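> sequence? don't have it. structure:
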């Protein structure tokens, strides 16, 4: 799967790009009710944790029903704005390595297995994983990290 390769490249190369962002940029909130880049990366941590569960459970259970989550509430609860930027980057790497390990374990035939998320229609495991990479790419571009050399446009459509 193309997005497994994309995730490998992001894990290898993205941390240096995140570390290069100036502190004033990563802590800047464009408006009171919008996320700073720190909070947006924090949201990506929450997304990785939730999607890891989805990838594992869809391989192990028959059509699991998974909960959704409120991204704003999770970001607020974790207080990402107050957390150390370098720690958040390290967590991003660790969570995505864990998610990648689960994705690499998916046998070809299992990508068509389905789950539901909140009140969704059945979603294939392939869709869930591709959507995860696309969602991550969207947020990384939004905070101004250059990823077009790492993420093909068709692999990151979101």
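Right, received. Where do you want to start? None of these values were measured; they are calculated from a predicted model. Numbering: from 1, shown residues only.
> separation between residue 63 and residue 7?
Taking Cβ to Cβ, to the nearest Å as the measure, residue 63 and residue 7 are separated by 25 Å. For glycine as for every other residue, the C-beta is placed from the backbone atoms N, C-alpha and C.
> and those two? which has more neighbours close in?
Shown here are residue 63 and residue 7; by other Cβ atoms under 10 Å, residue 7 has more neighbours (25 against 10).
> what's the helix or strand for the more buried one?
helix 2-19 (DSSP states H and E).
> how about residue 56?
Using DSSP H and E, residue 56 falls within helix 37-60.
> all strands of this protein, in order?
65-66, 114-117, 123-124 (DSSP state E).
> out of those, which gets nearest to residue 31?
Of all the strands of the chain, strand 114-117 sits nearest to residue 31, with 28.7 Å by Cβ to Cβ.
> average pLDDT across the closest one?
Mean pLDDT, strand 114-117: 98.
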